[in-house]
Each structure stands twice: as C-alpha cells, then as structure tokens.
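**Q** got a sequence here, can you build the structure:
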Amino acid sequence: MTDERLPFDAAVAAVLLALEPGDVVTYGEVAAEAGYPGAARAVGTFLGRSEGYPWWRVINRAGRLVPGHEVEHERRLRAEGVAVVNGRVRPNHD
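**A** Numbering: from 1, shown residues only. Alright, predicted model coming up:
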C-alpha cells in the first residue's frame, strides 16, 4: 500500500526546514510554497503529528498563535526576535 501523504509530507518538510530563525509564515504560505495551494489545514495536521520541525514559525492567516500552545509559541518567537503583540504576529514578506 502506498502512502499518498509522502510527497506532500516531503514537500512541506522541505519548506519548513528552509525557514530561518525569525522567519514567520502562514500555514497557507507553507502549503503554496510546497506546491499544494489550498492545503493550509493539511500543513497544520502535518505539524501536529510530526516532530523536529520549526512549528513556532508558522501562524494562521490572522497572525494568531497556536491555540493551547500560545505561551510556548510566543516564547520561541520572541527568542528569535519576532514581535508578538496581544497574541498576534505579522508574517514576514520579503
């Protein structure tokens, strides 16, 4: 049986691992960059079941931190020099 998630997982992992300290992107941006536009929720699912990826560098499109993990999310972002105001961040756009 072939796992159809593998190409998606590999593409998302590559995007996430390319992020540098201080980078902030949305789930939708990760999905689009991985070649799967519209798969923002699937990126969240990937991060929820995977370890070793910089999950804290990913926010929702409204700039909100991960529900239930706000304190750790904010701590990690601030440690990388990212401003968090009232539980929100603005993604970087070069």
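**Q** in contact with the residue nearest the centre of the chain, which residues?
**A** Of all residues in the chain, the one closest to the mean position by CA atoms, centre = their mean is Val58, 2.5 Å from it. Neighbour list for Val58: 16, 24-27, 30, 43, 47 [criterion: CB atoms under 8 Å, 6 or more residues apart in numbering]. Any C-beta I mention is one placed from the backbone N, CA and C, and that applies to glycine too.
**Q** enumerate the beta-bridge partners assigned to it.
**A** Beta-bridge partners recorded for Val58 (DSSP bridges): Val25.
**Q** got a markdown table for the contacts of Val58, with neighbour count and pLDDT too?
**A** Formatted as a markdown table, the contacts of Val58 follow (neighbours: other CB atoms under 10 Å; pLDDT from 0 to 100):
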| residue | neighbour count | pLDDT |
| --- | --- | --- |
| Leu16 | 23 | 98 |
| Val24 | 21 | 96 |
| Val25 | 20 | 96 |
| Thr26 | 17 | 95 |
| Tyr27 | 21 | 97 |
| Val30 | 24 | 98 |
| Val43 | 25 | 97 |
| Leu47 | 19 | 96 |
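**Q** any chance you could map the helices in the chain?
**A** With helices called from DSSP state H, the chain shows them at 5-18, 27-33, 40-49, 70-79.
**Q** pLDDT weak spots in the protein?
**A** 1-5, 91-94 (pLDDT under 70).
**Q** kindly recompute the last result at 80.
**A** Counting by pLDDT under 80, the chain shows low-confidence ranges at 1-5, 90-94.
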